[in-house]
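next one to model:
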Amino acid sequence: MSLTYAVPDLHGRVDLLDHACSRILLHSRGQNSLVVALGDYVDRGPASRQVLDSLINWRFPSLQLIALQGNHEAMMWQACNRLSDPEWWIKNGGTQTLASYGAAPSLVEVRKFVPHGHLTWISARPLLHADAHRVFVHAGVDPKVPLGRQDDRTLLWKRYLTGSQGGHGKRHVVHGHTPDAAAPIVCRGRTNLDGMAWKTGRLVIGVFEDDRPGGAVDYLEVVGEPS
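Residues are numbered from 1 along each chain as shown. Predicted structure coming up:
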């Protein structure tokens, strides 16, 4: 039995990432497993740079990491490459991210404070990961469009309507992006794991059996200080 662990929006909470890795290692009992991080590593919380450093320098040989891109990484990358107004990013949590790099939020030339390696890593992040039974994505998918033809904005920004069962064909969709302190929110065809961990201090990790269809078989809960 192989397992996949889905880690939702961290938003600068490197303390929760560290605890999550410890819990996953303990739960997996040293067996080779997959960790899918669902994006939104930066903004709002105090340690965005440290979260990126931890993911880039992944140090757990038994845990294969697939780190997806979230809309906050997209905003950061666009701002640093002058493809959007930096104020848009700064007003959406970029202030805290810049502070983690030692920069003041009023600075316009944000790129010179963010290491090139971080921006290169962000740009290389996939927008979804699919296996035989599930689709892992930051925000959501269009159920009417094949996975290989999904629009980037849908994958990064989609909001499911309340009560939407989601899903993509026979695949269960695992996502974050839609904040809900009551997470996990489990529907027939999808699971939302974003429990606003950056604010509540509560991170919920979904555990999925790779050969078993549907939703999670277990959840690991990591609790830290609320912000």
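
give me the phi and psi angles of residue 27.
Main-chain dihedrals, residue 27, degrees, to the nearest 10: phi -70, psi -40.

what is the burial count for it?
By the other Cβ atoms under 10 Å criterion, the neighbourhood of residue 27 contains 15 residues. Where you see a C-beta, it was placed from the backbone N, CA and C, and this is true even at glycine.

surely it is in contact with residue 217?
No: Residue 27 lies out of contact with residue 217 (Cβ atoms under 8 Å); the separation is 11.2 Å.

which neighbours do the two share?
Common contact partners of residue 27 and residue 217 (Cβ atoms under 8 Å, 6 or more residues apart in numbering): residue 207.

what's the first helix or strand after the lowest-mean-pLDDT helix or strand in the chain?
Ranking every helix and strand in the chain by mean pLDDT, DSSP states H and E puts helix 86-89 at the bottom, with a mean of 88. For helix 86-89, the following helix or strand on the C-terminal side (DSSP states H and E) is helix 95-100.

give the buried residues for the helix or strand hosting residue 22.
According to DSSP H and E, residue 22 maps onto helix 14-28. For helix 14-28, a neighbour-count test (16 or more other Cβ atoms under 10 Å) marks 14, 15, 16, 17, 19, 20, 21, 23, 24, 28 as buried.

look up the closest residue to residue 100, ignoring the ones flanking it.
residue 49 (4.1 Å; Cβ to Cβ, 6 or more residues apart in numbering).

for that neighbour, helix, strand, or coil?
Look at residue 49: counting by DSSP: H, G, I helix; E, B strand; the rest coil, its state is helix.

correct me if wrong: it contacts residue 99.
No: counting by Cβ under 8 Å, residue 49 stays clear of residue 99, with 9.2 Å between them.
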